[in-house]
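>>> here is my input; please provide its structure:
(chains A and B)
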There are 2 protein chains.
Amino acid sequence: MSQPTRPDTSDPVWKLPAVPDDEGNYRIPFEDLRGLVVKLLTTVDVPPEDAAIVAESLVLADARGMNSHGVLRLPVYLKRLREGGFKPTSAFDVVSETPGTALIDGGSGLGSVLTKRAMDLAIEKARTNGIGAVGIRNSNHNGEGAFYVQQAVAKDMIGIATTNGSPIMPVWGGKTPLTGPLPISIGVPTARHRPIVLDAALGMSSRGKILYYAEKGMELPDGWLVDAEGRPTRDPNWVRNGGWILPVGGHKGWGLILACEILSGILTGGAFGAELTNLYDDLDTPQRNGHFVIALNIAAFTDVASFKQRMDDYIDIMKASELAPGFEQIFMPGEIEFLKKERQIAEGILLGRKVLDEVIATAKELGVEIDAAS
Amino acid sequence: MSQPTRPDTSDPVWKLPAVPDDEGNYRIPFEDLRGLVVKLLTTVDVPPEDAAIVAESLVLADARGMNSHGVLRLPVYLKRLREGGFKPTSAFDVVSETPGTALIDGGSGLGSVLTKRAMDLAIEKARTNGIGAVGIRNSNHNGEGAFYVQQAVAKDMIGIATTNGSPIMPVWGGKTPLTGPLPISIGVPTARHRPIVLDAALGMSSRGKILYYAEKGMELPDGWLVDAEGRPTRDPNWVRNGGWILPVGGHKGWGLILACEILSGILTGGAFGAELTNLYDDLDTPQRNGHFVIALNIAAFTDVASFKQRMDDYIDIMKASELAPGFEQIFMPGEIEFLKKERQIAEGILLGRKVLDEVIATAKELGVEIDAAS
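Just a heads-up that it's a prediction; the model follows:
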């Protein structure tokens, strides 16, 4: 999974093997989908090695079933790259540095490229210092935090990542949008079991899940959503009519969100709160996201093999719990996504028809004809 | 607030000024209450400087209105100190160390003493390395995480602290108690505003709040509690009948709790999950709690004064939000506790009558007569 298998050909038509399923969606081999993403990004002047990072981030998110962080985002990435909201070449200017920390200015480059490099730097620092922390400012949308914490896991470290984002949620007690259900991602290596990869947006639910309730005509549980005035509601339709999703545990989750905003936006000297631009608005204007990553070297604390064995032992104990009603199995954070990823890498990545259609239309604007055929 | 003003007198009766209020509780001057806690701890062989740390931790928790972490805990601390579950002298053995990290074995000493020293060490490391992280194993109950993160705040750093605890909550999907609503504490310095001090147990509510619903005969909101079989319930009485409080945001909060357990229990090579002993059980047996603290040096990233100004600017923006229904003001995390602390340090600390009675009875067992009079 290091480089696309498909060469950058001058063939005027790009062939994409895409098998339609019964519901009108497509299953596309991982390498083919990744190769297409690289092709399109390089067409708008992203250097091939950076394009490979973004492609892997997007396609792996789809593989993991996290489609909201997947290729769905490619068309707007391409538009922003053309219109100036994303710079094709990602600067990585070190603003300040100590043995255990660094602050990076991303020069409005690509969020995935910048965050991957930041985590590489944090890992490097953690090798000698036990822990490394890197903040990034003047970045953009960076996809799924799980992608970066797994870099640390691969080096026998614990990875932590967060980011800020454009405002869609008020602070606790307010109704002026000033932040979002920001994510905390944490990855932990194990031995025999799959790694623990928590990637939790700090909202009580996701927009997608609430739209599903709306579609099915079901009422929401208490505490998930408020209406446009900030009044508690069980009507899922408010999610698209000016209501907002509540933070996990009310004021507690909001406090954690504020900490994510402080690390990503305030400590980095970057943009915070309402200064950030939405991915889909003002495509010629950088979003100004900030990110923050930490790598914690297990070897600085204890023997790595013992640590992994202890993780496995605890996972065995947890999985042997007596089950609560409605559960058939105990899954660790990230386990379901690992299972999906393994299956989809073997069988092909499921992509919605609307997503593929939009990718094809955007490619055409860039002069790339895609022949999506089985 | 560095040393108790009251000398360790040999007067056979310890005079405690305590003014009863209308509800039968007492208001006790901060220094007098702290002096008493030091007196009682030194009576069971805790060195005076360690006793001062524990006393400050407990009495400040009461001052902040967090009585569940306050002097309420002193009687069981004293019993454990007599019976061997807490060692009066807190070892601080460095098991492993790198420039940015350390692992400490606490030798079953006092949680507050060990965690305070660990945060001091993390701060020291963050001075030169930008970030410092210290894990502690073989510790005991350590009170309120807010106490430790404020050490970092006082040094212009961001402090983060967590701990594990004896099992009262199952993992997500199970019903075997294996963990608890573990806390994440985060402190951030500001300029003109009070510091941000988040101290959030990762449960949807607290036991105390749910008992209040029970007392008032009110139903709980969805998603707070399950019954002894793990079925969702709105009946608050299940909190004392084998039910358990759900984590914030369901599986998300549980994932964060698991991360706290991994840092505190697994990475430290200490006890985890069901290996920990409850504070009130087996008083001769160490609890084996683990803790984990991080200090992040703001100066490693940016100019401290600018950071604090930016924090103030963001707090001003947040506080100027249009208010949601039911809110009269926007409070930052920890702000209400700062207001309470300021008032109670001026007016005296409110202590429940039952708490004071138990302290007096326990003191008597130690040969200390307390004369609590106004």
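>>> roughly how far does A:Leu296 sit from B:Ile294?
9 Å (C-beta to C-beta, to the nearest Å). Glycine gets a C-beta too; all of them are placed from N, C-alpha and C.
>>> what touches both of these two?
Counting by C-beta atoms under 8 Å, 6 or more residues apart in numbering or on different chains, the residues touching both A:Leu296 and B:Ile294 are A:Ile131, B:Ala133.
>>> wouldn't A:Gly203 be in contact with A:Pro247 here?
Yes. At 6.1 Å, A:Gly203 and A:Pro247 qualify as touching, with contact defined as C-beta atoms under 8 Å.
>>> find residues that contact each of these two.
A:Met169, A:Pro181, A:Gly253.
>>> so, low pLDDT: which residues of the stretch 151-300 of chain A?
For the stretch 151-300 of chain A, applying pLDDT under 70 flags no range at all.
>>> got a list of what the residue positioned nearest the centre of chain A touches?
Nearest residue to the geometric centre of chain A (C-alpha atoms, centre = their mean): A:Glu144, 1.0 Å. Listed by C-beta under 8 Å, 6+ apart, the contact set of A:Glu144 reads A:Ser57, A:Leu60, A:Ala61, A:Arg64, A:Met66, A:His69, A:Ser185, A:Asp199.
>>> wait, is it part of a helix?
No. Applying DSSP: H, G, I helix; E, B strand; the rest coil, one finds A:Glu144 to be coil, outside a helix.
>>> gap between it and A:Thr302?
29 Å.
>>> please apply the same query to A:Val149.
Distance from A:Val149 to A:Thr302, by C-beta to C-beta: 20 Å.
>>> which one of the two is surrounded by more residues?
A:Val149 (30 against 19; other C-beta atoms under 10 Å in any protein chain shown).
>>> what's the spacing between the more buried one and chain B?
11 Å (C-beta to the nearest C-beta, to the nearest Å).
>>> picking up where we left off before, with adjacent residues omitted, what lies nearest to the residue nearest to the centre of chain A?
A:His69 (4.0 Å; C-beta to C-beta, 6 or more residues apart in numbering or on different chains).
>>> confirm for me that that neighbour is in contact with A:Val59.
No. The pair A:His69 and A:Val59 does not pass the contact test of C-beta under 8 Å, sitting 10.5 Å apart.
>>> contacts only, for A:Ile345.
Residues in contact with A:Ile345 (C-beta under 8 Å, 6+ apart) are A:Phe30, A:Ala63.
>>> sorry, slip of the keys, the one I care about is A:His251.
Contact analysis of A:His251 by C-beta under 8 Å, 6+ apart lists A:Trp172, B:Pro333.
>>> cool, A:Asp284 as well?
Contacts of A:Asp284 by C-beta under 8 Å, 6+ apart are A:Glu83, A:Gly84, A:Gly85.
>>> let's see if you can find the most crowded of these.
For the contacts of A:Asp284, neighbours tallied by other C-beta under 10 Å; top is A:Gly85, 22 neighbours.
>>> can you tell me the SS state at that one?
Here A:Gly85 takes the coil state, with states given by three-state DSSP.
>>> any idea how far A:Leu78 is from it?
According to C-beta to C-beta, A:Gly85 and A:Leu78 sit 11 Å apart.
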